[in-house]
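**Q** I would like the atomic coordinates for the input below:
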Amino acid sequence: MRIVPFKIPKTRTEFYHYQIDRLNHFYDKLHQHPEVQITYIEKGRGNLIVGDYTGRFSSGDVLIIGSSLPHVFKSDEIYYLQKTKQSVGYSLYIDMKAWEQEFWKSNDTLSVARFFHQCYQAYQLQGTLAKEVATRLVCLRRLSGFRRALFILDMLYLIFEHRAELKLISDGGWLKLINEHQDTRMSNIIRFTLEEYHRPISLQEVARVANLSVEAFCRYFKTHTRKTYVSFLNEVRIHHACRLLAERAFTFSEIAYQVGFSNLSYFNRIFKRITRKTPGEYVMMLSKQ
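**A** As a prediction, the model looks like this:
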């Protein structure tokens, strides 16, 4: 699988596209598009990969994904197995090239236009800003024409005005050296990891997936993600462990083995390194929410 150059369905004269997804699972191919994407997850959960960030997404999340930043919302397996499960997302795609007309270069609008035009990062919205943007993304379905355009512009200004509340999750730095051949290679590595994280994975095995020697693979992965493959694999495993801890159906030992760790003490150490909490502290935090 390669990073798919995704085409947003809109006319050349539109500077935005609004989309509601109601599916069993979200589009599961690592993809990119030149439009800045603002998404509210109303229903669904799974793995989120955006740029060099690996984490989880769940209901209530609101994210901004910068221009041409590779990303995928990979729904959990249960959404593929149970047809009664539904994933719902509201997304707004902003085409900054279409926005770059003379009107947007006026003193009144230039700062907002510049912020989104230079957006090659990914952010998670926090607190009241996240709730407000989520509400507005849902409300867009009831608007059309000029009213919708005005509503979108007001929402973009709201985000710009409260940009201090944005949590940076990826700075887009891994884009700098990727070409089409490398896109395919990185996509294969990510796909393999998401499917096989639950078992032991050697560097030799994943290097074969990338069609590289172990030494060349380690150098390639560090260059394009700024982290080692083992660090990436552990992040994927710990994010799955967090999901299992939230379900409260397994012991710590059972969870450790389910996500690919053969040693409980090593699992505990890696869990604290990534989350800044022990598994026990993480469960206590969940109980207070």
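
**Q** low-confidence ranges, the stretch 101-250 of the chain, go.
**A** 101-108, 117-120, 171-183 (pLDDT under 70).

**Q** would you mind measuring from residue 77 to residue 256?
**A** Distance, residue 77 to residue 256, by C-beta to C-beta, to the nearest Å: 19 Å. For the C-beta atoms, the positions are set from N, CA and C on the backbone; glycine is no exception.

**Q** cool, residue 283 as well?
**A** From residue 283 to residue 256 the distance is 14 Å (C-beta to C-beta).

**Q** show me how the protein divides into domains.
**A** According to automatic domain parsing, the chain comprises the domains 4-173, 178-288.

**Q** and the first one, how far out from the chain middle?
**A** Centroid separation for domain 4-173 versus its chain: 10 Å, with C-alpha atoms, centre = their mean, to the nearest Å.

**Q** these two touch, right, residue 116 and residue 94?
**A** Yes: at 6.0 Å, residue 116 and residue 94 qualify as touching, with contact defined as C-beta atoms under 8 Å.

**Q** confirm that residue 29 sits in a strand.
**A** No: looking at residue 29 with DSSP: H, G, I helix; E, B strand; the rest coil, it is coil, so not inside a strand.

**Q** how many neighbours does it have?
**A** 13 (other C-beta atoms under 10 Å).

**Q** how about the one 4 residues further on?
**A** Neighbourhood size, residue 33 [other C-beta under 10 Å]: 20.

**Q** if I look at residue 116 and residue 94, which residues touch both of them?
**A** 36, 156 (C-beta atoms under 8 Å, 6 or more residues apart in numbering).

**Q** these two: which is more packed in?
**A** The neighbour count for residue 116 versus residue 94, taken as other C-beta under 10 Å, is higher for residue 94 (22 against 19).

**Q** tell me the pLDDT at the closest residue to the more buried one other than its chain neighbours?
**A** Closest residue to residue 94 apart from its sequence neighbours, by C-beta to C-beta, 6 or more residues apart in numbering: residue 36 at 4.5 Å. In this model, residue 36 is scored at 91, pLDDT.

**Q** now the one 5 residues further on
**A** The confidence metric pLDDT takes the value 96 at residue 41.

**Q** any idea where the helices of the stretch 101-250 of the chain begin and end?
**A** Along the stretch 101-250 of the chain, the segments classed as helices by DSSP state H, counting those that start in this stretch run 110-117, 127-139, 145-161, 180-196, 203-209, 214-225, 229-247.

**Q** between those, which gets nearest to residue 261?
**A** helix 229-247 (6.8 Å; C-beta to C-beta).
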